[in-house]
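Participant: okay, here's the prediction I keep looking at, along with the sequence it came from:
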Amino acid sequence: MKKTIAVLLLCALILSLTSCGTLNFVDIEEFSSEIYTDRDITSAMEVVLEEFQGKSDRILLSLSYIGDSKISDYRDWADRNGADEVIVFMTDYYVSHFSNTPTQNAGSEYENWKFILVRTNGGEWEIVDQGY
């Protein structure tokens, strides 16, 4: 039941963001966690999805939680940012041929691009780093 609610919440968010045209076909991988609740994960996913909202030159293709077994590898991100929790997502996205973003190649697809988020005391998730 909890998973169903989480998926419905995420679907509602995606539908509300699709008006920008860059989130129409996002493949969101199913997730489960012993560390985080479904709501914890979906609220962090929302932050990543919002990063792509309204950006016509970057099209998000897929989004997935990295998994509980790998979270400890990123614990230092929470420590160095004065937070007590960290969560990581893998994304694939496409950069439009019309993009003028100087740090990304126009017409290229980026695979396994990480988004690292932290939070303190169950507060709001914040992206602190992204990349390979």
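Facilitator: Structure's in. What do you need?

Participant: alpha carbons only for contacts and neighbour counts from here, please
Facilitator: Fine.

Participant: just the helices from the chain, written as ranges.
Facilitator: Counting by DSSP state H, the chain has helices at residues 2-17, 38-52, 68-71, 75-80.

Participant: name the residues that touch the shortest one?
Facilitator: By Cα atoms under 8 Å, 6 or more residues apart in numbering, the surrounding residues in contact with helix 68-71 are 33, 34, 35, 86, 87, 88.

Participant: restricting to C-alpha, output it in CSV.
Facilitator: Taking Å, rounded to 0.1, in the frame of the first residue of the first chain, the C-alpha atoms of helix 68-71 are listed here in CSV:
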residue,chain,number,x,y,z
ASP,A,68,20.6,1.1,0.3
SER,A,69,23.7,-0.9,-0.2
LYS,A,70,25.6,2.0,-1.8
ILE,A,71,24.4,4.9,0.5
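
Participant: coming back round to it: among the contacts of helix 68-71, which are located in strands?
Facilitator: Judged by DSSP state E, strands contain the following of the contacts of helix 68-71: 86, 87, 88.

Participant: quick one, what contacts the residue nearest the centre of the chain?
Facilitator: Centroid-nearest residue in the chain: residue 48, 3.4 Å away (criterion: Cα atoms, centre = their mean). Going by Cα under 8 Å, 6+ apart, residue 48 touches 115, 127.

Participant: do you know how far it is from residue 90?
Facilitator: As judged by Cα to Cα, to the nearest Å, residue 48 and residue 90 stand 10 Å apart.

Participant: spit out the residues that contact those two alike.
Facilitator: Residues touching both residue 48 and residue 90 (Cα under 8 Å, 6+ apart): residue 115.

Participant: if we can go back for a sec, what about the residue nearest to the centre of the chain, distance to residue 89?
Facilitator: Residue 48 is 8 Å from residue 89, by Cα to Cα.
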